[in-house]
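K.L.:
I'd like to go over a predicted model; first the sequence, then the structure.
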Amino acid sequence: MNTVLAAARLAFVARPLAAVGFLVAAVLGGAAPVAIAWLTRAVIDRIAGGATTGLLLPALLLVVLGVLVAGLPHLERYLRAEVNRAVDVLARDRLFGALDRLRGLATLEDPAFHDRLQLAADSGRISPPTVLAGVVELVRGGLTVAGFAVTLLLVSPLVTVVVLAGGIPVALAEFGLARRRARMLWEIEPWQRREIFYGNLLSGTRAAHEIRLFGLGSFFRARMVTELGAINAAARSVDRRELRVQGALGLLAAVIAGCGLVWVVQAAAGGTVSIGDVALFVAAVAGVQGALASGVDQAAQIHQAVLLFDHYQAVVTVPADLPTPTHPEPVPRLREGIEFRDVWFRYSDEHPWVLRGVNLTVPAGRSVALVGHNGVGKSTLVKLLCRLYDPDRGAILWDGVDVREMDPLALRDRIGAVFQDYVNYDLSAAENIALGDLTALGDETRLREAAERAGAHETLTALPRGYDTMLSRTFTDSADPGTGVALSGGQWQRVALARAFLRVGRDLLILDEPSSGLDAEAEHDIHTRLHEHRAERTSVLISHRLGAVRDADVIAVLDRGRVTELGDHAELLAHDGVYARLYRLQSKGYLQEVPG
Ligand SMILES: Nc1ncnc2c1ncn2[C@@H]1O[C@H](COP(=O)(O)OP(=O)(O)OP(=O)(O)O)[C@@H](O)[C@H]1O
């Protein structure tokens with residue numbers, strides 16, 4: 001019941017006047033057929049009784065009611081569309097607002113949450129109008145049923161009871177079908193997401209080159225069709241059940257109506273009821289049965305909408321994934337450093353441990369480099385540092401204060417970062433940089449300075465519209481559709497660096513593979529710039545190019561979830577461990593190629 005109220009409330013809050021208007025129009029629409037039936041009976045009986053006067057008023061009333069019956073559906077349709085549009089905006093706003101309140105990544109990365117999110121996006125938009133329309137139909141149907149039932153009662157109490165009782169199996173069956181359909185929609189959600197994924201892969205630009213090169217088109221198409229087949233099979237099974245059940249119910253209604261008709265015709269022949277009564281009876285049986293069937297159908301639709309709306313409610317009320325104290329500790333400028341103290345972490349209970357007791361200090365004003373084989377957890381460590389996840393055990397301390405005591409937003413405000421999987425936004429070059437610090441949006445000087453530091457300025461000024469050029473071939477500038485450009489991987493990387501450099505005043509700079517896509521000269525250039533930028537600043541650099549990390553004040557080697565080697569370049573070479581072996585391997589590879 002709470003969910004019904006929540007769904008109806010959403011519709012009323014979204015567009016109050018339209019929702020009320022819709023309700024009123026529907027009630028009038030429900031009462032009109034009953035009034036028409038009564039007036040028709042009166043007119044027929046008067047004519048049959050030979051009356052020649054007093055017919056004009058009921059006839060005029062019939063005209064007015066006819067106009068209402070003709071006009072109300074259009075008004076209702078318009079008001080319903082108004083409510084639908086408003087609910088769509090409000091439901092989406094609340095849904096994405098709730099997602100924005102998720103400060104970490106764990107919930108967002110949960111596949112079950114994604115299934116729920118997909119259903120929530122649909123049901124948030126569809127369920128409130130369905131509930132509102134359903135309630136309206138119920139009210140209207142209730143009025144019609146009540147009106148005709150009273151009418152029918154006057155002609156035959158027995159037929160009335162039989163017709164009304166015929167609604168009970170209909171209600172039970174329809175509710176069962178609604179539950180089954182809601183369950184089916186939940187079950188097919190993963191298949192639906194996969195089908196959309198294959199569709200996007202085939203129609204988007206992200207994988208277009210590999211799909212063409214490896215000839216993957218028919219492979220993904222076949223997978224998409226298989227998923228669609230599974231979805232259709234599940235829907236068909238419910239449809240067939242519906243067909244069987246509703247067919248049986250239709251037959252039952254027809255038998256009841258037929259028996260009633262036989263009875264009333266015989267009663268009229270025997271003179272116990274009038275000709276007007278026959279007309280009234282026929283209208284009443286059809287009216288009660290029609291209104292009952294549609295009322296039950298509406299109730300079942302409300303039931304299904306409410307079951308699905310539960311997913312929406314679950315998403316908009318999703319609990320915070322990163323608990324934050326009511327009075328968080330302030331995040332002061334970093335003075336001493338950041339300490340990882342016996343940090344253990346895994347992505348979920350089903351995943352293996354990634355970090356198994358990491359102990360590491362990032363001293364303030366110093367540069368720390370993290371190195372290690374693929375998958376040892378370097379990126380994971382910096383994501384913990386940004387509090388995108390919380391450790392399972394141990395703590396990360398910012399000048400001695402556990403970061404869990406801080407507001408994640410305040411903490412992140414102190415950090416600049418380029419992630420390994422940085423994002424290329426389909427926005428203008430200026431916007432792509434400004435996303436690093438939205439206060440710089442429109443501030444050409446700041447954007448240009450950041451781009452110059454990252455070595456991106458020349459590339460960007462050479463674009464058709466300079467910094468205002470759209471960095472996308474999917475969306476184009478509507479004023480000048482020919483100007484969207486696609487940057488190269490290295491050029492994108494410089495834009496991502498510029499985004500990080502925009503956050504110059506921050507305490508900590510995180511660079512996760514900042515030069516992996518750059519050519520040798522550009523890489524050297526970037527590392528020289530980074531070296532200058534990192535001097536006297538606290539930074540964490542992750543790179544597999546050991547030539548780029550050798551200048552770091554501290555180099556930490558991560559292995560099997562722990563820091564296994566720690567020191568500067570010379571110390572680690574002298575230690576002759578993993579770092580020294582990797583460094584010799586890399587430098588030997590370069591030197592072999594150089595003649596002499
Ligand atoms: N979001 C995630 N969910 C589940 N597992 C993850 C997730 N991200 C990373 N992992 C796993 O955690 C481990 C560590 O990944 P991480 O990206 O931190 O390694 P890395 O040291 O940065 O590797 P690389 O040098 O290849 O970039 C890997 O086994 C990876 O599969």
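P.N.:
Nice, I can see it.

K.L.:
from now on I want contacts and neighbour counts done on CA atoms only, so please keep to that.
P.N.:
OK.

K.L.:
what is the end-to-end distance of stretch 402-414?
P.N.:
For stretch 402-414, the first-to-last residue distance is 15 Å (CA to CA, to the nearest Å).

K.L.:
any buried residues in that stretch, and which?
P.N.:
402, 403, 404, 405, 406, 407, 408, 411, 412, 413, 414 (16 or more other CA atoms under 10 Å).

K.L.:
pick out the most distant pair among these.
P.N.:
Greatest spatial distance among the buried residues of stretch 402-414 (CA to CA): 402 and 413, at 16.4 Å.

K.L.:
helices or strands next to whichever strand or helix holds residue 141 in the packing?
P.N.:
Assigned by DSSP states H and E, residue 141 belongs to helix 111-155. Judged by 3 or more CA pairs under 8 Å, 6 or more residues apart in numbering; DSSP states H and E, helix 111-155 is in contact with helix 2-14, helix 16-48, helix 56-101, helix 157-165, helix 167-187, helix 189-203, helix 275-316.

K.L.:
up against the ligand, what does the stretch 301-450 of the chain have?
P.N.:
Residues of the stretch 301-450 of the chain lying close to the ligand by CA under 6 Å from any ligand atom are 347, 354, 373, 374, 375, 376, 377, 378, 379, 380.

K.L.:
tally of neighbours for the fourth one?
P.N.:
The tally of other residues near residue 374 (other CA atoms under 10 Å) stands at 10.

K.L.:
can you confirm it is in a helix?
P.N.:
No. The assignment for residue 374, made by DSSP: H, G, I helix; E, B strand; the rest coil, is coil rather than a helix.

K.L.:
now it: how far from residue 559?
P.N.:
10 Å.

K.L.:
ok, now the last one?
P.N.:
Taken as CA to CA, the spacing of residue 380 relative to residue 559 amounts to 13 Å.

K.L.:
looking at those two, which is more packed in?
P.N.:
A side-by-side neighbour count of residue 380 and residue 559, using other CA under 10 Å, places residue 559 first with 21 against 18.

K.L.:
the more buried one and residue 566, how far apart?
P.N.:
From residue 559 to residue 566 the distance is 12 Å (CA to CA).

K.L.:
which is the succeeding secondary structure element to the lowest-mean-pLDDT helix or strand in the chain?
P.N.:
In the chain, no helix or strand scores lower on mean pLDDT, DSSP states H and E than helix 520-534, which sits at a mean of 73. Downstream of helix 520-534, the next assigned helix or strand under DSSP H and E is strand 538-542.

K.L.:
now do the buried residues in the helix or strand just after that following strand.
P.N.:
As assigned by DSSP H and E, the chain's next helix or strand after strand 538-542 is helix 546-549. Going by neighbour count (16+ other CA under 10 Å), the buried part of helix 546-549 is 546, 548, 549.

K.L.:
pLDDT and distance to the ligand added to the residues you listed, as JSON lines?
P.N.:
Listed next are these as JSON lines, based on pLDDT from 0 to 100; distance: CA to the nearest ligand atom, whole Å:
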{"residue": "546", "pLDDT": "83", "distance to the ligand": "13"}
{"residue": "548", "pLDDT": "79", "distance to the ligand": "15"}
{"residue": "549", "pLDDT": "86", "distance to the ligand": "14"}
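
K.L.:
which of the residues you listed lies closest to residue 315?
P.N.:
residue 549 (43.2 Å).

K.L.:
that closest one reaches residue 543, doesn't it?
P.N.:
Yes. Here residue 549 reaches residue 543: they are 6.9 Å apart, a contact under CA atoms under 8 Å.

K.L.:
between the two, which contacts overlap?
P.N.:
Listed as contacting both residue 549 and residue 543 by CA atoms under 8 Å, 6 or more residues apart in numbering are residue 369.

K.L.:
wait, a helix at residue 359?
P.N.:
No. Residue 359: not assigned to a helix; according to three-state DSSP it is strand.

K.L.:
okay, now it: neighbour count?
P.N.:
For residue 359, using other CA under 10 Å, the count is 17.

K.L.:
from the rest of the structure, what touches stretch 4-14?
P.N.:
19-20, 83-84, 86-87, 90-91, 127-129, 131-132, 302, 306, 309.

K.L.:
same check on stretch 68-85?
P.N.:
Contacts of stretch 68-85 (CA under 8 Å, 6+ apart): 11, 14-15, 18-19, 21-22, 25-26, 29, 32-33, 125-126, 129, 133.

K.L.:
over to stretch 359-371?
P.N.:
334-343, 378, 534-544, 549, 552-558, 562-563, 579.

K.L.:
in contact with the nearest residue to residue 466 once chain neighbours are set aside, which residues?
P.N.:
What sits nearest to residue 466 in space, not counting adjacent residues and going by CA to CA, 6 or more residues apart in numbering, is residue 460, at 5.5 Å. By CA under 8 Å, 6+ apart, the residues touching residue 460 are 429, 466, 467.

K.L.:
three-state assignment of residue 460?
P.N.:
Residue 460 is classified as helix under three-state DSSP.

K.L.:
what pLDDT does it get?
P.N.:
Listed pLDDT for residue 460 reads 94.
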